[in-house]
Each structure stands twice: as C-alpha cells, then as structure tokens.
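Colleague: I'd like to go over a predicted model; first the sequence, then the structure.
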Amino acid sequence: MTLTENSRSNSLNLIRFVCACFVLLSHLDWIAGNSRDFLRSSGVYSVSVFFGLSGFLLAASLDGRGTHSRFLWNRFLRIYPGFIVSLAVISFIFAPIYHQIECKHNCYLSSLTLIRYFIFNLTVHITEPEIIGTLEKSSVPSWNPPYWTLEYEILCYFLLFGLARLFKSKLLVLSVTLI
C-alpha cells in the first residue's frame, strides 16, 4: 500500500489535526483579547507544520491520480463552496446581528455595505476585509482574518499543478527532496 492509497488514514492526518487545534487555540486567544506568547508561537509553528505536511500529502495525491485537472476541481470543491457559505453567513447573518447588539439604538448599517462586502470578496482576493459600521469596539479588526490565506493557498495549488504537469509522475520524489 502506497502513501497515496492510504493518505486518508495515515498518521500525518493526526499530526495535522493537532496542528489545526493549536492554530484554533491561538486564534481564539487572540479574539479574546489575550496575547499569550506560548499560544501565539505554537500557532505560528503549527501553521508551518500543517502546511508543510499538507503540501507533501497533496503532492502524493496529485502524483497518484490519473488526471491533474481532477486535482484542481477537487481543490476548488474543497475550498470555494465553504468559503461562499462562510462569506454569506458573515455578511447577512453575523454582521447585522452584531451591529444590532452593539449599537443598541438606531444605527445605520446599509444592506449595500453588506452586499459590497460579499461581492467584493467573492474571488478570495480579499479587498474588503471589514464591514464598515461593525467590529468598531472589537479587538479583532476584520470578520474573518484567516481569509487572506486562501488566495495564497490557491496560488500554491496552481504552482503544484504546474510542477506536476512539468515533471509528470515525479512530483512526489521532487517534494520529498525539497523537504
């Protein structure tokens, strides 16, 4: 059994899960207004380990598949639908509720502001990181700070796709030698 055949049940997924938990804890600590050095540094290191292992598993996955275009389609389905749902929930549910609770009087939050936030961020190139009129008293400057990583993640997928096309079936060997 190769790494590709067993990539869903290998021990690297456990390590990635632990790393994701540390990242989540460091983000929650930041959102709560704390800045514990241990959580912050463990979050930074965990992101690096998580993305390194994910890159290795993606290279193995791409190397073992028949078509590279299927790889891109699977990456799209893994990221974009969830991103759109998250963007819509923030735009049309969380931001209006937060704004109503925070204002406690007749503040004005235009539906055009919410629509603008939603539409301008549809491409995952985040041009509107905040919804004007919300989060003004919050320690967090934007509704979903990790959104900025999606653009780079997608660029890395295309880079990996390009390398796979260039080196055909030698991508796994290339990824191991680069690590």
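Modeller: On my side now, so go ahead.

Colleague: what's the single longest helix in the chain?
Modeller: Determined from DSSP state H, the single longest helix within the chain is helix 37-64.

Colleague: counting contacts, what elements does that one pack onto?
Modeller: helix 11-31, helix 68-89, helix 148-167, helix 171-178 (3 or more CB pairs under 8 Å, 6 or more residues apart in numbering; DSSP states H and E). In short, each C-beta sits where N, CA and C put it, glycine included.

Colleague: Give me the buried stretch members for the second one, please.
Modeller: By neighbour count, and taking 16 or more other CB atoms under 10 Å as the criterion, the buried residues in helix 68-89 are 68, 71-72, 75, 83, 87.

Colleague: I'd like to know which of the residues you listed is nearest to Arg40.
Modeller: Phe83 (25.4 Å; CB to CB).

Colleague: now the closest one: how far from Leu77?
Modeller: Phe83 is 11 Å from Leu77, where distance means CB to CB, to the nearest Å.

Colleague: Mean pLDDT lowest where, among the helices and strands packed on helix 37-64?
Modeller: For these, mean pLDDT drops lowest on helix 171-178, to a mean of 55.

Colleague: Could you tell me which residues make contact with Tyr45?
Modeller: Taking CB atoms under 8 Å, 6 or more residues apart in numbering as the criterion, Tyr45 is in contact with Phe22.

Colleague: Roughly how far does it sit from Ala164?
Modeller: On the measure of CB to CB, Tyr45 and Ala164 end up 28 Å apart.

Colleague: Gly133 now?
Modeller: Taken as CB to CB, the span from Gly133 to Ala164 is 45 Å.

Colleague: The two: which has the busier surroundings?
Modeller: Ala164 (21 against 17; other CB atoms under 10 Å).

Colleague: residues near the residue lying closest to Arg75 once chain neighbours are set aside, how many?
Modeller: Nearest residue to Arg75, sequence neighbours excluded (CB to CB, 6 or more residues apart in numbering): Tyr157, at 4.8 Å. Applying other CB under 10 Å, we find 20 residues neighbouring Tyr157.

Colleague: How about Thr127?
Modeller: 11.
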